[in-house]
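Peer 1: One predicted model, sequence on top.
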Amino acid sequence: MTTDWKNKKIGVLGFGVEGLSSAIYFNKHGGWVTVLDERGEDEIDISSLKLIQKEGIEYYFGKGCFDRLDAFDVAIRTPGISVLRKELQDVKKKEVEVSSQVKVFMDLAPCPVIGVTGTKGKGTTASLIYEMLKKCGKHVYLGGNIGKPPLDFLDKLGERDRVVLELSSFQLQDLEKSPSVAVMLMTTSEHLDYHGDVGEYVEAKRNILRNQGPNDFVILNRDYPASNESDIFSEGKVHYVSRERETEGGCYAFGGKIWLDEGGRRIFVLSVKDLGLLGKHNLENVCAAVMAARLEGVDVEDIRGVLKSFKGLPHRLELVGEVGGVRYFDDSFSTTPETAIAGIEAFASEKDEDAREKLVLILGGSSKNSDFSELGKVIGKAENIRAIIGIGEEWDRIKIEILKQVQDDNGGVRGDNKGVQDDGLPLMIEGAKDMETVVKAANRIAKRGDVVLLSPGCASFGMFKNYKDRGEQFKREVERLMQ
């Protein structure tokens, strides 16, 4: 592994936030840096381009820019560039080192790193851990997919510092050193447009713990097979978390409370009703964060204070506002069927079905090759969905799965799909081409006491730039209603 970058020819592949960070870092450390991106120059962020121009960093944009990677000593890929890509596999045979920002950081970090991965919940869990460590007075940095790119603060780190990294499967794919505390949350199926299959995706996730030693720690979610069965891949001490069962030596939600089990001694952390976060699915994230914080020596009182005050991250079941007695929630970060299910369940009362808030659900988007069958079952059985506004290319596939749940004994679909039927089929609105139309439709349908929930369960491309743009447009339109 290269550690001295002076006079090394370094190609940075991809020019987003992390690519810019890598280019600046290696240029600062004496490398001869060239930025490569397959997009045209007119698609590149102008402020980032001006910055590397000011630093004298070379760049080549457009198709074919990866054709001569053998001209470099080191190729630093960004997360969107798979390590399995043919150009990278070919150039490795020519003794060009292929690496990434996270790989470099993990190899060089002088202090303990807490890494968090999973299909969903990474950002929330990493942020909770960060806030808990900060609350007890530790000097801590937050990076990876959330916070800053880690090379931005590598040179500032000392042995007593702590780093919390949110890590995607893309970033973990070629990792050769694991964090000292590795957190593997719920892991199902995701990014099958990037990974060849579910197996490849899960194996990438397991790199977070694959290179741990006996003095390291693993936190696994017992409620999902891929996570629960990952203990054999680490030499570290394993701790489990769950929102479904009591867990020896771990943290779990049981009886409306969060509990820690330490050496057989049960420690009360917090009542679920006092959590600042919304949604049952967040109990998994809370338990994982509590366990990680305890392994880092954080007092229960400090943990409790953070759990009460932490309201979540933008675009994750975020309350935007209330209009005419209707509350609007932005859950645009929901890009999988599983997270859409979690969003729906966040507003379901287990105690009193009549007290459940009625939902106007905004669902659909662009394709990630997801399986919507379970989402269809959940919606088909749900008693509290008043209407669904279907958007994007995936809406037709989602609708098919919903309609499968309301077929009569002869295989025919009950109801005409134009209103709430006797069989409970929600009203389905289709054809909206922009967020203004979507929000206005939701406003017409929703009644006082209802919730309008943007939890699409799909990627955002086509109608929007990304999930953030989708959420921001939703917020803007809701704010217009509030004026």
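Peer 2: Yep, that arrived.
Peer 1: Skipping its backbone neighbours, what lies nearest the residue nearest the centre of the chain in space?
Peer 2: For the chain, the residue nearest the mean C-alpha position is residue 120 (4.6 Å; CA atoms, centre = their mean). Excluding its sequence neighbours, the residue lying closest to residue 120 (CB to CB, 6 or more residues apart in numbering) is residue 339, at 5.1 Å. All C-beta spots, glycine's among them, are computed from the backbone N, C-alpha and C.
Peer 1: Which secondary structure elements does whichever strand or helix holds the one you found sit against?
Peer 2: Using DSSP states H and E, residue 339 falls within helix 337-345. Applying 3 or more CB pairs under 8 Å, 6 or more residues apart in numbering; DSSP states H and E, we find helix 337-345 packed against strand 359-363, helix 373-381.
Peer 1: Try it again at 10 Å.
Peer 2: Contact here means 3 or more CB pairs under 10 Å, 6 or more residues apart in numbering; DSSP states H and E; on that basis helix 337-345 packs against strand 359-363, helix 373-381, helix 395-404, strand 451-454.
Peer 1: Distance check, the residue nearest to residue 120 against residue 282.
Peer 2: Residue 339 is 11 Å from residue 282, where distance means CB to CB, to the nearest Å.
Peer 1: residues shared between the contacts of those two?
Peer 2: 121, 316-317 (CB atoms under 10 Å, 6 or more residues apart in numbering).
Peer 1: Show me how far the longest helix out of those in the chain is from its chain's centre.
Peer 2: In the chain, taking DSSP state H as the definition, the longest helix is helix 467-482. Between the centre of helix 467-482 and the centre of its chain there are 20 Å (CA atoms, centre = their mean, to the nearest Å).
Peer 1: doesn't residue 121 make contact with the residue nearest to residue 120?
Peer 2: Yes - using CB atoms under 10 Å, residue 339 makes contact with residue 121 at a distance of 9.0 Å.
Peer 1: For the two, list the residues in contact with both.
Peer 2: In contact with both residue 339 and residue 121: 186, 281, 316, using CB under 10 Å, 6+ apart.
Peer 1: Next up, the contacts around the nearest residue to the second one once chain neighbours are set aside.
Peer 2: If the residues on either side of it in the chain are set aside, residue 281 comes closest to residue 342, at 3.7 Å by CB to CB, 6+ apart. By CB under 10 Å, 6+ apart, the contact list for residue 342 reads 120-121, 186, 279-282, 284, 317, 331, 334, 336, 378, 455, 457.
Peer 1: picking that back up, how far is the helix holding residue 339 from where the chain is centred?
Peer 2: That offset, for helix 337-345, works out to 14 Å (CA atoms, centre = their mean).
Peer 1: Same question for stretch 295-315.
Peer 2: That offset, for stretch 295-315, works out to 19 Å (CA atoms, centre = their mean).
Peer 1: Return that stretch as PDB; C-alpha atoms alone will do.
Peer 2: Output of stretch 295-315 as PDB, limited to C-alpha atoms (Å, rounded to 0.1, in the frame of the first residue of the first chain):
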ATOM      1  CA  LEU A 295     -18.400   0.100  24.200                       C
ATOM      2  CA  GLU A 296     -16.800   3.500  24.000                       C
ATOM      3  CA  GLY A 297     -17.500   4.200  27.700                       C
ATOM      4  CA  VAL A 298     -20.400   6.600  27.400                       C
ATOM      5  CA  ASP A 299     -22.500   6.900  30.500                       C
ATOM      6  CA  VAL A 300     -26.200   5.900  30.300                       C
ATOM      7  CA  GLU A 301     -27.300   9.300  31.400                       C
ATOM      8  CA  ASP A 302     -25.500  10.900  28.400                       C
ATOM      9  CA  ILE A 303     -27.000   8.300  26.100                       C
ATOM     10  CA  ARG A 304     -30.400   9.000  27.500                       C
ATOM     11  CA  GLY A 305     -30.100  12.800  26.900                       C
ATOM     12  CA  VAL A 306     -29.200  12.300  23.300                       C
ATOM     13  CA  LEU A 307     -32.000   9.800  22.600                       C
ATOM     14  CA  LYS A 308     -34.500  12.300  24.000                       C
ATOM     15  CA  SER A 309     -33.300  15.300  22.000                       C
ATOM     16  CA  PHE A 310     -32.300  13.700  18.700                       C
ATOM     17  CA  LYS A 311     -35.100  14.200  16.200                       C
ATOM     18  CA  GLY A 312     -33.600  12.500  13.200                       C
ATOM     19  CA  LEU A 313     -31.900  13.500   9.900                       C
ATOM     20  CA  PRO A 314     -33.400  15.500   7.000                       C
ATOM     21  CA  HIS A 315     -35.600  13.500   4.600                       C
END
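Peer 1: now it: mean pLDDT?
Peer 2: Averaged across stretch 295-315, the pLDDT comes to 95.
Peer 1: what ranges of the stretch 1-150 of the chain fall below the confidence cut-off?
Peer 2: By pLDDT under 70, the stretch 1-150 of the chain has no low-scoring segment.
Peer 1: Specify the local secondary structure of the residue nearest to the centre of the chain.
Peer 2: coil (DSSP: H, G, I helix; E, B strand; the rest coil).
Peer 1: Any idea what the nearest residue to residue 429 once chain neighbours are set aside is bridged to?
Peer 2: For residue 429, ignoring the flanking residues on the chain, the nearest one in space by CB to CB, 6+ apart is residue 389 at 4.6 Å. Beta bridges link residue 389 to residue 362, residue 429, judged by DSSP bridges.
Peer 1: Which pLDDT does the model give residue 389?
Peer 2: 98.
Peer 1: Could you check how far the residue nearest to residue 120 is from residue 453?
Peer 2: 12 Å.
Peer 1: Which neighbours do those two have in common?
Peer 2: Residues touching both residue 339 and residue 453 (CB under 10 Å, 6+ apart): 317, 331.
Peer 1: and residue 90, what element?
Peer 2: Assigned by DSSP H and E, residue 90 falls in helix 86-92.
Peer 1: So which residues make contact with that helix?
Peer 2: For helix 86-92, the surrounding residues in contact (CB under 10 Å, 6+ apart) are 11, 13, 66-72, 75, 77, 81-83, 85, 96-98, 174.
Peer 1: Please produce a ChimeraX select command covering the buried subset of those residues.
Peer 2: For the buried members of these, the matching ChimeraX selection, counting by 16 or more other CB atoms under 10 Å, is:
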select :11,13,66,69,72,75,77,81,82,83,96,98,174
